[in-house]
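Engineer: no FASTA, just this:
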C-alpha cells in the first residue's frame with residue numbers, strides 16, 4: 001500500500017472511529033471503502049497517481065500529452081511551420097478534447 005493512501009486510511013480511521021466500531025462485522029479496511037461512490041473512486045483515480053497503477057499511467061499520459069501539445073503549438077509559431085496548418089489544427093483540437 002502506498003504511503004499516502006495508508007496515511008489517508010489512518011486519518012479516516014481516527015476521525016470516524018466511533019461510528020466504525022459500531023459495525024464490527026466487516027474488516028476495518030472494508031468499512032472505510034464501503035461507502036465510497038463511483039465519483040469518489042474516479043476522483044481518486046484522476047487526483048492521486050499513487051492510489052493505483054492505472055492512476056499512475058493516467059497521470060503519465062496526461063503529462064506527456066501536455067508536453068506534446070505545447071511542442072505542437074511552439075512548432076507552429078515559426079515563420080515556416082514545420083507541419084501543415086490542417087494537421088496542427090486537428091492535433092490541437094484532439095488535445096483540447098482530451099482536457
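Structural biologist: That came in fine, so what should we check first? Just so you know, these numbers come straight off a predicted model, no measurement behind them. Numbering: from 1, shown residues only.

Engineer: sketch out the low-pLDDT regions of this protein for me.
Structural biologist: Applying pLDDT under 70 to the chain flags residues 1-35.

Engineer: can you pull out the strands in it?
Structural biologist: With DSSP state E, there are no strands along the chain.

Engineer: which helix of it spans the most residues?
Structural biologist: helix 53-75 (DSSP state H).

Engineer: so what touches it?
Structural biologist: 44-46, 48-50, 81-83, 88, 91-92, 95, 98-99 (Cβ atoms under 8 Å, 6 or more residues apart in numbering). Placement of C-beta: from N, CA and C, glycine included.

Engineer: and the residues you listed, which are buried?
Structural biologist: 44, 48, 49, 88, 91, 95 (16 or more other Cβ atoms under 10 Å).

Engineer: ok, the last one to residue 70 distance?
Structural biologist: Same thing as residue 95. Distance, residue 95 to residue 70, by Cβ to Cβ, to the nearest Å: 9 Å.

Engineer: do the same with the fourth one
Structural biologist: Computed with Cβ to Cβ, the distance linking residue 88 and residue 70 is 13 Å.

Engineer: residue 59 and residue 45, how far apart?
Structural biologist: Computed as Cβ to Cβ, the residue 59 to residue 45 distance reads 10 Å.
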